[in-house]
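Engineer: Quick one, fold the following:
(2 chains)
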Amino acid sequence: MKISYEWLSEYVDLEGVTPEQIAEELTRGGIEVDIVEQRDAGVENVVVGYVMEAKQHPNADKLRVCQVDAGREEPLQIVCGAPNVARGQKVPVALHGAKLPGGVKIKNTKLRGEKSQGMICSAKELGLPEKLLPTEQTEGILVLPEEAEVGSDVRPLLGLTDTVLELDLTPNRSDCLSMWGTAYEVAALLDREIWLPEAPAAHPSGKTKTVAIELDAEEDCPFYAAQVVDNLKLAPSPQWLQNRLVAAGIRPINNVVDVTNYVMLEYGQPLHAFDYDKVTDGEIVVRRAQPGEQVKTLDGVTRACDGETLLITDGTQPIGIAGVMGGENSEVTESTTTVLLESAFFAPPSIRSTARKLGLRSEASNRFEKGVDPERIVPALQRAVQLLQELAGGEPASEVTVEKMGDVEDVTVQLRHDRLNNVLGVQVKPETVRDVFRRLRFEMEERDGVYRVRVPSRRPDISIEVDLIEEVARIYGYDKIPTTLPWGQQSPGALTREQKLRRVVRHTLRDAGFNEVLNYSLTSPDRLKELPPLDKGIRPVRLNMPMSDERKVLRTTLLPQLVESAEYNVHRRQEQLAFFELGRTYITEEKKLTELPQERWELAALVTGPLAAAHWQGNNQPVDFFTVKGQLEMLLTRLGVQGIAYRAAELEGFHPGRTAEVLLNGRVIGCIGQIHLQVSEAHDLEETYAFQVQLAPLFEAAVTDPKYAPIPRYPSTTRDLALVVHQDVPAAELESAIRQAGGKLLVDATLFDVFTGKQVGEGKKSVAYTLTYRAEDRTLTDEEVNEVHGRIVEHVEAAFRAVLRQ
Amino acid sequence: MRDRLEALREEAASSIQAAESLEQLKELRIKYLGKKGELTSILRGMKDVAPEERPVIGGLANEIRSAMEKQLDEKESDLQEAALKARLKEETIDVTLPGKQAPLGTIHPIQAVIEQIEDIFIGMGFEVAEGPEVESDYYNFEALNLPKEHPARDMQDSFYITPEILLRTHTSPVQVRTMEAKEGQVPVKIICPGKVYRRDDDDATHSHQFTQVEGLVVDRGISMSELNGILLSFAEQFFGMELETRLRPSYFPFTEPSVEMDISCVMCGGKGCRVCKQTGWIEILGAGMVHPRVLEHGGYNAERYTGFAFGMGPERMAMLKYGIDDIRHFYTNDLRFLRQFKTL
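Structural biologist: Numbers count the residues shown, from 1 in each chain, chains lettered A, B, ... in the order given. Modelled structure (predicted):
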């Protein structure tokens, strides 16, 4: 809402209060003022001039040489390029030394040999908001009203001495969507006088016209008032009224439409004027639309309605969509002489839903959506009729006709003084409370520490006790609320086990050189297809109305966006890319959600490029599978997770020969591998490795409280074991066989060498382990170790057709 | 014999003195003192010496032996010292050459800020709660006193999935979820960090996805002065300086009274600067006393219990604390940005 300071000062005593002070008070009172704008935008020394003569410039086709009376001793000669300049016009003249918006300065000069003592200005040059002005005021120079006084400053005439306060209203304070509402608020905050003149009902003097109102959808429209005004002469509105509309950001159209808008700004009650001659038999029927019914609105668009759209009809056909936009068939046009003025209450939910469905947001719908004050419906109508009489020659041709269902009930809310103090945590004096209600102009009775407050209908936001507590607090001043700390029962604060473990993961990976990224949960379905999640049968959750294709579905895996993050950085010549993300994926098998999807915490990491920064000692190795696997293993060690196994797997988006599923106690919880070359190359990445694991099963298996085991008291013995086996034998299987055969005495088996080549034979590989033997209760003898070692050799020879290498 | 011994003494002294390496010295030791060494071979002629002279010669021989041993030991020690010195000299490196730094990554600044916020509130007795990001209309709106068609729903245009399910627009749904889970127990003291989503075009100050930290305290006799006190204490700890707070009335459907909290500008200390737009104050969060209807939706008697709630944006907190000027940096994952936060 834009509030004109000058206009406001008609209703509230603003003497000695600057617009900036009002802005400050309003903001402290809970109504944020976004902008305080001087309307003149820096215009100085521009006066009203009278064009005495406009002759063709001798040396330029498009220029005119004008003699202008600007109230100076001598007429001024001004060269003007606007085609519409003509003798007899009143125009704004920027004199020598004048300033215009944007720091433009005007000086006497010569144009193509003719002297020019200033400039005749257009609306734009004066900084007027062009898009709010009628075309005839924006093309060429601005022609001022005839009654403008020659030589006088143009600023008061065009409302440029005014200041506009732009309020950023919260949805509860729709009462301030009007000058009156704002006046009440400002008066309360400043503790000032207020004058709100009301217009009396106007009665027809001659022949009356029929008005018949029928409310067929009383829930959506319980209150409808109308009056007919005839004998209207359509014309532009007077300058002062146009100025006020423009200050409020509303485009002046003609005196009839302008009056409805003016009263809407003044009272907060939107009005609509129907061309009475287009309303069959002066009949108004308010009803819901038939599904599929169509209405052509003022803007020329045909709108399809549904069963919830509220229509204004004349009993035969729709003439408007209630509270949103009038119909083209009943629009006020140049030939209109009689109007039916509507002032009504339309239920907020109905208007809100219709405006949203039709994508039509108007000043009127904005007010109806938030609820208009039923007590202003008739006064607003009377005020509009008064203005039509004054400004458009109108005469009332009917009485004020009202149809309403029930009456507005008084709202009385109780406030307990104790409760007020307890909620605010400060001792407010009773006289302060009384004073606040006096300033707000709320009637109040007080008994035994309880205030019974009659809440005026203009403040529908107040309905329960805490609402009154807020009123008292904001007028009394929040700065008087002290700072204390809670005294009640204290509670220990803590992270949950899962939250702690997420931090462990984060900090461990950070310390291992990974950079944490945060990607969007919304992504495109195509991106997910490139590196799909492991689970089969899940469907990405789809937004109903996405803003773009890029942000259409919720991610079901974290990896694709890590690839994107890497690509982004590669394109910016970054090296040593190691990223991880800890985030949720959204898992469901439902096509259309009937319940919330599972939100699954996952960890994904990706490494590409050299492992370390270039160093003068060299060793700038690129990443490989085993480095990344080692990083994952380090993390698992940090978490104390046991029972992890890796199983070669062919997964979409991954290198078929360099990828494994990660299993925890036999259950797949993630994967690790090289990103498929087709994928990495498509994103300009070199060899890239990644892993992704679900956190819940990991955390379940995590052991964060280690248990002490005694330090071994007897020495261990080691033996190396080198075996030649078929190349396809997985090392993990071999190791597990060795451990099994080794029994309790084998305490460790470390693989220290793998190689293939001619020496070991085609299709074979050599693997070598260091086996460590130890007993808890004695030093093992050579014979004992030899026996176990021999058993292991026999076992692997049999199980894998392994051959011992000497 | 005496002469031979004297000659040996002299010869040995000079050759030991001239020795250049430990090997040489070892050879000399064998040559003069070894079992087949020269001293021994001279002493073999003792049988030809007159018996009365034998003790004298013997004494002389012993004297020469110990002198030689001493010379050898001294020389050995000298040579060892020299060798060590030479080795150390040879091993000298340019200690100003760059070291091989172990790779160090980063925690995302938003996450780091969330951890800081969590830790401060944990210190004040808060638990950390969590809730779903895909939320029901009920918890996101209705239970928070925002029935369908409530005009305040405009404030947060939402991403709906079905008419009843949406991406949460704030972390506030966790308020009612937590109260339900607490089943009427007090005190309720939680914060809830998490991601939230709104239909905004991404620009320098807007992001369709961002994070929030919600806070909720419910107990008997909780008042606005405690809200003020807890949040002041938080802000001072977070920014690491003494601050002032200012409450301004505001509107949230789920709190009443509702306020926005400003703190004295952390950049200029309240004198007025570009960051605070010359006002000396910066807004850091929205808060208020929990609306009675919200308490009741959570199963708490609004007559008996009161509470306060607040919500802040880690993005904004990080921007203020670290002077970041564009919210999009947080979601671009540019290493040149992330690496600036290695110390967090």
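Engineer: any chance you could map the strands in the stretch 101-250 of chain B?
Structural biologist: Secondary structure of the stretch 101-250 of chain B (DSSP state E, counting those that start in this stretch): strands located at B:127-128, B:134-136, B:160-162, B:165-167, B:188-197, B:209-219, B:245-252.
Engineer: Chain A: which of these is closest?
Structural biologist: strand B:245-252 (3.0 Å; CB to the nearest CB). Backbone N, C-alpha and C define where each C-beta goes, glycine included.
Engineer: Starting from the next helix or strand after that closest one, tell me which strands it pairs with and how they run.
Structural biologist: Using DSSP states H and E, the helix or strand that follows strand B:245-252 in sequence is strand B:255-264. In the sheet, strand B:255-264 lines up against strand B:245-252 (antiparallel), strand B:281-290 (antiparallel) (DSSP bridges).
Engineer: which stretch in those strands has the least confidence?
Structural biologist: Here the lowest mean pLDDT among those goes to strand B:245-252, at a mean of 90.
Engineer: I'd like the strands paired with strand B:255-264 laid out as a markdown table, including mean neighbour count.
Structural biologist: Output for those, formatted as a markdown table (neighbours: other CB atoms under 10 Å in any protein chain shown):
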| stretch | mean neighbour count |
| --- | --- |
| strand B:245-252 | 23 |
| strand B:281-290 | 23 |
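Engineer: Of all the ones you listed, which one comes closest to B:Gln80?
Structural biologist: strand B:281-290 (70.5 Å; CB to CB).
Engineer: Report the angle between the closest one and strand B:209-219.
Structural biologist: 50 degrees (axes from the mean of the first three to the mean of the last three CA atoms, to 10 degrees).
Engineer: relative to strand B:188-197, how tilted is strand B:281-290?
Structural biologist: 120 degrees.
Engineer: buried stuff in stretch B:69-76?
Structural biologist: B:Gln71, B:Leu72, B:Lys75, B:Glu76 (16 or more other CB atoms under 10 Å in any protein chain shown).
Engineer: got JSON lines for the strands paired with strand B:255-264, with distance to B:Ile30 too?
Structural biologist: Formatted as JSON lines, the strands paired with strand B:255-264 follow (distance: least, CB to CB, whole Å):
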{"stretch": "strand B:245-252", "distance to B:Ile30": "91"}
{"stretch": "strand B:281-290", "distance to B:Ile30": "87"}
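Engineer: Which among those is found nearest to A:Arg713?
Structural biologist: strand B:281-290 (60.3 Å).
Engineer: Just give me how far the strand ranked longest in chain A sits from the chain centre.
Structural biologist: Longest strand of chain A, by residue count under DSSP state E: strand A:44-56. Centroid separation between strand A:44-56 and its chain, computed with CA atoms, centre = their mean, to the nearest Å, is 49 Å.
Engineer: Which is the succeeding secondary structure element to the host helix or strand of A:Ser353?
Structural biologist: Here A:Ser353 sits within helix A:348-358, counting by DSSP H and E. Going down the chain from helix A:348-358, the next helix or strand is helix A:363-370, by DSSP H and E.
Engineer: Please save the CA atoms from that following helix in PDB.
Structural biologist: Provided in PDB are the C-alpha atoms of helix A:363-370 (Å, rounded to 0.1, in the frame of the first residue of the first chain):
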ATOM      1  CA  GLU A 363      -6.500  -4.100  -6.100                       C
ATOM      2  CA  ALA A 364     -10.000  -5.200  -5.400                       C
ATOM      3  CA  SER A 365      -9.400  -8.900  -5.100                       C
ATOM      4  CA  ASN A 366      -6.500  -8.200  -2.800                       C
ATOM      5  CA  ARG A 367      -8.800  -6.400  -0.400                       C
ATOM      6  CA  PHE A 368     -11.700  -8.900  -0.600                       C
ATOM      7  CA  GLU A 369      -9.300 -11.800  -0.100                       C
ATOM      8  CA  LYS A 370      -8.300 -10.300   3.300                       C
END
